[in-house]
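[1] here you go, sequence then predicted model.
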Amino acid sequence: MANFDIASKKTAEISPKDFVDLCFGFETIDITVIELIQPEQPTVDMRQADVVIKAEINGKQVIVHFEFQTTDSSETDMPLRMVGYIVRLIETYGLEVYSNVIYLRPDAGRSDPGQFVQDIAGHEVLTRYKVFRLIEMDGQSILEAKPMGLLPFTPLMKRPKEVSAEAWLRRCVQTADSVNVENKTAYLGTLAVLGSLVYEPETILNIISEETMERPSISEHFAAEALQQGIEQGIEQGIEQGIEQGIEQGARERALKDILEVLTLRLKPYAATVFKPTLETIDDLDRLAQLHRAAILAETLDDFAQVLTENSN
């Protein structure tokens, strides 16, 4: 039901400056967010970067980049992915890049070294990035600072030792509900989606209902999110299926054309007219490849007709 990646990205739309502040450790420096970039450039594994922010740090324009990881990367090692993002961002924007990865689940990111190393004499490569594991971040300090972009993540952060898990979740909901944000239902819905990584959704909805009287709206938000994701997945699958069908159809048409050209050139000018209706009924690419070889080897129309008849049996 929950799409944690989309929920994470939505928080950057709320307040991108909060993520720039996180990257720089909430230091007292002059930070101005210029724009939240919608990245379209391909990376080494054909992914798009999650959050790319153009910012001005002490008068200098830079790129601040964040990747969100629910679990450890299973397809490509995170250091390799990150160096791919960093190089592409530098190439695309020509600015210094400050790259970061945020791990959402408590057990994720433990083995991420925060750097990519190629240790080859004369061809050394060293690229570093910051690693944030939410479970290691002091959640109470975030609640006290109230950065709108980061509050939805607080249920996943380290809570004070004396505070129970349910009490901590309640405190996170109360704080999120206290900030002035344009769409409070969507905002709390994002907190609920992310919080469901460690809490039961029913527990989250109950606390939101008790603290904000927003449970019906949040439940509707969950349902709308699930519906939208289903539509997007269906569209994506449909596109992929269409591409596959298009590739197969193109290969079939090319194979058919090759057979007819060989028959016309090697045998008789009217060969295409004779055999085309039968060939057009064949969909199997392996069979068409076999008939192409037969057309090349055939000495007469009867030779090819015999192979064509044998294949139809």
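    All right, it came through fine. Just so we're clear, the structure is a prediction, and the values are computed from it rather than from any experiment.

[2] between the two ends of stretch 69-87, how far is it?
    20 Å (C-alpha to C-alpha, to the nearest Å).

[3] can you give me how far it is from the chain middle?
    Here stretch 69-87 is found 12 Å from its chain centre; the criterion is C-alpha atoms, centre = their mean, to the nearest Å.

[4] mean confidence (pLDDT) on it, please.
    Mean pLDDT, computed over stretch 69-87, is 86.

[5] residues in contact with it?
    By C-beta atoms under 8 Å, 6 or more residues apart in numbering, the residues outside stretch 69-87 that reach it are 4-5, 43-45, 47, 49, 65, 67, 97, 99, 101-105, 107-109, 111-113, 115-117, 125, 127, 129, 197. The way it works is simple: take the backbone N, C-alpha and C, and place the C-beta from them, glycine included.

[6] which of those residues fall within strands?
    Counting by DSSP state E, the contacts of stretch 69-87 place 65, 67, 97, 99, 101-103, 115-117, 125, 127 in strands.

[7] returning to that earlier point: out of the contacts of stretch 69-87, which end up buried?
    Among those, those buried by neighbour count (16 or more other C-beta atoms under 10 Å) are 4, 43, 49, 65, 67, 97, 99, 101-105, 108-109, 112, 116, 127, 129, 197.

[8] before we move on, back to that, can you put the ones in strands among the contacts of stretch 69-87 in JSON lines and add distance to Phe24?
    Listed next are these as JSON lines, based on distance: C-beta to C-beta, whole Å:
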{"residue": "His65", "distance to Phe24": "13"}
{"residue": "Glu67", "distance to Phe24": "17"}
{"residue": "Val97", "distance to Phe24": "14"}
{"residue": "Ser99", "distance to Phe24": "13"}
{"residue": "Val101", "distance to Phe24": "16"}
{"residue": "Ile102", "distance to Phe24": "15"}
{"residue": "Tyr103", "distance to Phe24": "19"}
{"residue": "Gln115", "distance to Phe24": "19"}
{"residue": "Phe116", "distance to Phe24": "21"}
{"residue": "Val117", "distance to Phe24": "24"}
{"residue": "Val125", "distance to Phe24": "25"}
{"residue": "Thr127", "distance to Phe24": "19"}
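
[9] and the gap between the nearest residue to Ser99 once chain neighbours are set aside and Ile37?
    Leaving aside its sequence neighbours, Ser99 sits nearest to Tyr129 (C-beta to C-beta, 6 or more residues apart in numbering; 4.0 Å). Distance, Tyr129 to Ile37, by C-beta to C-beta, to the nearest Å: 18 Å.

[10] next up, the contacts around Leu260.
    For Leu260, the contacting residues are 271-272, 275-276, 279, by C-beta under 8 Å, 6+ apart.
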